[in-house]
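A.B. asks: Give the three-dimensional model of this entry:
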Amino acid sequence: MARIAGVNLPNEKRVVIALQYIYGIGSKISKDICIKLSIPPERRVYQLTEYYVIQIRIVIDQEGYQVEGELRREVAMNKKRLMDLGCYRGLRHRRNLPVRGQRTHTNARTVKRIGNGVVFKVK
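C.D. replies: Sure, this is the predicted structure:
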């Protein structure tokens with residue numbers, strides 16, 4: 001099992017799909033990495049040599065992709081900044097309500113719930 005950016009990639013998956021298990025790497029970036037390293041699209045993770053695993057790590061570092069903890073930290077800091085500013089988006093984040101203009105009268109039940117399933121009444 002290859003370990004990249006602190007994530008164990010599943011052996012049976014294709015490399016393009018397995019790279020998407022890393023937070024911050026989607027389909028476009030994983031395809032770009034495979035093209036850059038000349039990894040065939042049908043290659044599975046267990047077929048990768050140690051050389052390719054190291055090369056994938058190097059590409060992720062050199063291209064400046066933010067992945068895993070670093071990206072999660074930045075997203076959390078952005079949310080915290082909005083909350084500290086007291087702007088509308090920050091208030092919506094603080095109240096755990098939809099931020100991007102979705103209606104809340106009938107929908108957004110999932111986001112309004114607390115861990116035990118209690119639904120708040122939105123005023």
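
A.B. asks: Tell me who's in contact with R89.
C.D. replies: Residues counted as contacts of R89 (CB atoms under 8 Å, 6 or more residues apart in numbering) are L82, V99. In this view, the C-beta of every residue, glycine as well, is placed from N, C-alpha and C.

A.B. asks: and the helix or strand it falls within, what's its mean pLDDT?
C.D. replies: Secondary structure assignment for R89, by DSSP states H and E: helix 88-94. Mean per-residue pLDDT for helix 88-94: 93.

A.B. asks: for that helix, the distance to its chain's centre please.
C.D. replies: Mean-position distance between helix 88-94 and its chain equals 21 Å (CA atoms, centre = their mean, to the nearest Å).

A.B. asks: all strands of the protein, in order?
C.D. replies: Taking DSSP state E as the test, the strands found in the chain are 3-4, 7-8.

A.B. asks: mind putting those strands in JSON lines, mean pLDDT and mean neighbour count included?
C.D. replies: Conversion of the strands of the chain to JSON lines gives the following (pLDDT from 0 to 100; neighbours: other CB atoms under 10 Å):
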{"stretch": "strand 3-4", "mean pLDDT": "92", "mean neighbour count": "15"}
{"stretch": "strand 7-8", "mean pLDDT": "93", "mean neighbour count": "14"}
